[in-house]
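*Asks:* Give me a model of this one.
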Amino acid sequence: MPEKNSLLRLEITDVNNLGYGVGHANGKAVFVAGAADGDLCTVRIIKNAADYAVGRVEELLSPSPYRTENDCPARGCGGCAYRHVSYPHELELKRNRVVSAFRKAGLSLPVWPVLHTGKIEGYRNKAQYPVAPGKNGPVIGFFAPRSHRVVEAVNCPLLPPVFGQIAETVRKHALHFGIPAYDETSGRGILRHIYLRAAAEEKELLLTLVTTSLDYPHARELTEMLTARFPSLVGILLNENRENTNVILGKRYRLLAGRDHLRDRLCGIDLRITPASFYQVNHDATELLYRTAAEEAALTGNEALLDLYCGIGSIGLSMASRVRELFGIEIIESAVACARKNAEENGIRHARFATGDAAGTARILEEAGGFSPDVIVLDPPRRGADAETLNTVLSLAPEKLIYISCNPDTLARDMAFLLPRGYTAARAIPVDLFPRTGHVESVVCLTRK
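*Replies:* Numbers count the residues shown, from 1 in each chain. Here you go, the predicted structure:
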């Protein structure tokens with residue numbers, strides 16, 4: 001067994017979704033940060049647990065053919081699991097992760113190659129920068145892995161450059177006027193997060209400052225400076241969060257300038273997006289994802305479509321022209337209000353939306369007059385759908401169920417529950433919404449036998 005601080009010659013045979021290369025020594029898995037499959041290296045063991053070890057590369061003896069230069073200026077944030085391998089190989093690793101998840105769940109569902117747009121830089125339309133006290137004023141960036149230490153990373157390559165420019169303007173304003181960053185240890189300070197959203201091509205930008213008070217010092221000077229420098233900034237808000245919590249947004253808002261939402265166009269639908277609304281972070285890849293879901297559904301125009309976990313209605317509304325009737329359910333009330341407004345502003349009159357938990361779908365539909373879905377779109381959070389929701393879906397007996405997942409493991413778990421209960425599936429189609437990170441979306445169409 002490898003001992004702590006020992007050196008060993010190790011061949012890396014895989015890369016996991018956290019970006020660790022994986023090798024084996026004496027039957028034990030060894031995880032090595034920044035290593036690529038195909039590397040042969042000398043590794044120093046820095047942790048030796050009962051069933052695995054963790055090491056770091058001391059010497060790269062023979063580099064992997066998939067290895068590429070990690071050019072990120074802020075490597076310590078740990079967000080880009082695959083920045084040290086080529087993008088084509090990253091897509092292979094992501095497909096293999098979906099295949100592996102199905103295999104572990106006892107399923108043999110075919111998995112397509114990963115669909116993608118080819119854009120791997122500047123694609124994210126949302127950033128939530130934590131702010132922390134530093135020696136030279138507020139530090140803005142992202143949390144280091146498994147910690148609340150902020151790594152300075154204003155100019156993240158995955159974000160549009162204008163995000164970094166706005167964040168730096170806020171930082172300089174705070175430094176100039178002595179506005180303290182929030183200290184998680186003491187609970188003191190004012191500025192907690194800088195939260196930015198963007199429409200496609202940064203045509204509209206929305207800034208929310210998460211603070212411990214809605215009375216932000218020198219707010220007028222800040223808004224005048226920002227609106228003069230960034231004409232695409234359509235709204236500036238304060239969000240109050242005084243709680244000692246990992247949750248970023250509080251419940252109270254104050255509008256400092258402009259409007260409280262931005263507008264974007266997705267799959268031909270105009271959408272309004274508030275700070276609290278769920279909206280996919282990659283516009284072009286989201287269009288690819290939704291088109292793929294619609295193609296798998298093969299809608300004819302006669303179906304009644306139920307959109308569960310509908311958020312602001314983007315998935316269902318993107319398919320509205322192909323169905324007879326649309327009903328969406330979402331637990332966040334403000335998102336439901338956005339969904340209704342989005343339907344109204346797009347002239348979609350055959351869509352209804354209700355606030356509620358997906359597990360209570362049967363009751364919600366009954367109260368709405370007995371809506372009976374032919375097709376259900378299920379887009380749950382990373383934890384997947386709970387058993388109550390899945391049983392509710394089965395009780396509705398839709399002809400088709402379009403499952404959109406951001407987690408291969410919970411997707412495979414839920415497929416293993418659904419498929420033996422009267423459904424069949426032809427394939428899983430991964431879509432890369434998060435290039436250079438360890439995440440991958442998947443679409444599966446289940447058809448009732």
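*Asks:* who's in contact with the nearest residue to I402 once chain neighbours are set aside?
*Replies:* Leaving aside its chain neighbours, I402 sits nearest to V377 (4.7 Å; criterion: C-beta to C-beta, 6 or more residues apart in numbering). To be clear about C-beta, it is placed using only N, CA and C from the backbone, and glycine gets the same treatment. V377 is in contact with A293, A297, L305, L306, D307, L308, I315, G316, M319, I402, I404, counting by C-beta atoms under 8 Å, 6 or more residues apart in numbering.
*Asks:* Please identify which of those is nearest to E221.
*Replies:* The shortest gap between E221 and any of the contacts of V377 belongs to I315, at 41.2 Å (C-beta to C-beta).
*Asks:* Give me the residues contacting the lowest-mean-pLDDT helix or strand in the chain.
*Replies:* Least confident helix or strand of the chain, by mean pLDDT, DSSP states H and E, is strand 150-152 with a mean of 86. Strand 150-152 has contacts (C-beta under 8 Å, 6+ apart) with A74, G76, C77, P130, V131, A132, V139, I140, G141, F142, F143, A144.
*Asks:* any idea how far M225 lies from I315?
*Replies:* 38 Å (C-beta to C-beta, to the nearest Å).
*Asks:* When those two are compared, which one has more neighbours?
*Replies:* Shown here are M225 and I315; by other C-beta atoms under 10 Å, I315 has more neighbours (28 against 15).
*Asks:* A293 is in contact with that one, correct?
*Replies:* Yes. Look at I315 against A293 with C-beta atoms under 8 Å: they come within range, at 7.0 Å.
*Asks:* joint contacts of the two?
*Replies:* With C-beta under 8 Å, 6+ apart as the test, I315 and A293 both reach V377, I404.
*Asks:* in this structure, which spans are helices?
*Replies:* 87-104, 161-177, 219-229, 283-297, 314-318, 333-345, 361-367, 387-396, 408-418 (DSSP state H).
*Asks:* Distance from the longest one to the middle of the chain?
*Replies:* Which is helix 87-104. When C-alpha coordinates are averaged (C-alpha atoms, centre = their mean, to the nearest Å), helix 87-104 and its chain have centres 18 Å apart.
*Asks:* any idea of the mean pLDDT for that helix?
*Replies:* Averaged across helix 87-104, the pLDDT comes to 97.
*Asks:* Show me what it is in contact with.
*Replies:* Residues outside helix 87-104 that contact it (C-beta under 8 Å, 6+ apart): 15, 17, 37, 66, 82, 85, 108-109, 111-114, 116, 120, 408-409, 411-412, 415, 428, 430, 432, 435-436, 440, 442.
*Asks:* swap the cut-off to 6 Å and go again
*Replies:* Helix 87-104 is contacted by residues 15, 17, 66, 82, 109, 111, 114, 120, 408-409, 412, 428, 430, 440, 442 when judged by C-beta atoms under 6 Å, 6 or more residues apart in numbering.
*Asks:* Most neighbours of all these, which one?
*Replies:* Neighbour counts for the contacts of helix 87-104 (other C-beta under 10 Å) peak at V15, which has 30 neighbours.
*Asks:* My read is that it contacts D37, right?
*Replies:* Yes. When contacts are counted by C-beta atoms under 6 Å, V15 is listed as touching D37 (5.3 Å).
*Asks:* In this protein, spot the strand with the most residues.
*Replies:* strand 52-62 (DSSP state E).
*Asks:* which residues are contacting that one?
*Replies:* Contacts for strand 52-62 (C-beta under 6 Å, 6+ apart): 2, 28-32, 35, 40-47.
*Asks:* List only buried entries from these.
*Replies:* Buried residues within those, defined by neighbour count using 16 or more other C-beta atoms under 10 Å: P2, A29, V30, F31, V32, A35, L40, C41, V43, R44, I45.
*Asks:* export these to a markdown table and tack on pLDDT and distance to K203?
*Replies:* Formatted as a markdown table, the buried ones among the contacts of strand 52-62 follow (pLDDT from 0 to 100; distance: C-beta to C-beta, whole Å):
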| residue | pLDDT | distance to K203 |
| --- | --- | --- |
| P2 | 71 | 54 |
| A29 | 94 | 47 |
| V30 | 95 | 48 |
| F31 | 96 | 42 |
| V32 | 95 | 43 |
| A35 | 94 | 41 |
| L40 | 97 | 48 |
| C41 | 96 | 46 |
| V43 | 95 | 48 |
| R44 | 94 | 49 |
| I45 | 93 | 51 |
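*Asks:* In the sheet, which residues pair with L60? Tell me.
*Replies:* C41 (DSSP bridges).
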